[in-house]
Each structure stands twice: as structure tokens, then as C-alpha cells.
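A.B. asks: Give me coordinates for this.
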Amino acid sequence: MAQDRLPNLPDTTTAGRRERSEAFGGALQSASGDAVGKAPPYSPEERLAAALGFQRRTPPGPRTPPDELIREDRDR
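C.D. replies: Numbers count the residues shown, from 1 in each chain. Model (predicted):
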């Protein structure tokens, strides 16, 4: 796969974006950014579903408070 800021794009997609951006005198990143910028915003339901999905993938158990982690890192 070609190098792009959006991972897991097939080579055909990246090649097509590159050709289109070069034809219009732009860069591949700007073409990708334009496509992302034109995407419709997430609805509140979609945002909640994404947040719950991240939460499900987070292992249960006690969490170390951030201040303890910072102190531990500083003491190294």
C-alpha cells in the first residue's frame, strides 16, 4: 500500500487519489483532506456508539490515577 495519512487504503484508491490531485495541481494529502472534510458529521447516536465501542475494548479493572503515573515517570 502507498504511504498516506489514512491507513489501510488499497493501492488502487491511493493511486486514483494521487492521479486526481496531480491533475488538479494539488497534493495527495490535500485531496485526502478534502474528502474527509466533505464527509457528513457524526450524529449523536454514532458518537455514542463509537464511545461505547472504545469502552467495550478497554479492559476492566482498577485504573492507576494519572498523577501517580506522572510521578512514577519523573522518578525514573
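A.B. asks: Pull up the distance across stretch 58-67, start to finish.
C.D. replies: For stretch 58-67, the first-to-last residue distance is 20 Å (CA to CA, to the nearest Å).
A.B. asks: Kindly apply the preceding question to stretch 48-66 instead.
C.D. replies: 25 Å.
A.B. asks: and it, which residues are buried?
C.D. replies: Buried positions in stretch 48-66, judged by neighbour count with 16 or more other CB atoms under 10 Å: none. C-beta here means a position set from N, CA and C on the backbone, and glycine is covered the same way.
A.B. asks: Okay, now the unreliable bits of the chain?
C.D. replies: In the predicted model, the chain carries pLDDT under 70 at residues 1-7, 9, 13-14, 16-17, 21, 23-37.
A.B. asks: Could you rerun that using 50?
C.D. replies: For the chain, residues meeting the criterion pLDDT under 50 lie at 1-2, 4.
A.B. asks: where does residue 51 sit relative to residue 76, distance-wise?
C.D. replies: Distance, residue 51 to residue 76, using CB to CB, to the nearest Å: 33 Å.
A.B. asks: An error on my part: the question was meant for residue 64.
C.D. replies: As judged by CB to CB, residue 64 and residue 76 stand 15 Å apart.
A.B. asks: How about residue 10?
C.D. replies: Using CB to CB, we find residue 10 at a distance of 43 Å from residue 76.
A.B. asks: more neighbours, the two?
C.D. replies: The neighbour comparison of residue 10 against residue 76 (other CB atoms under 10 Å) goes to residue 10, with 10 against 4.
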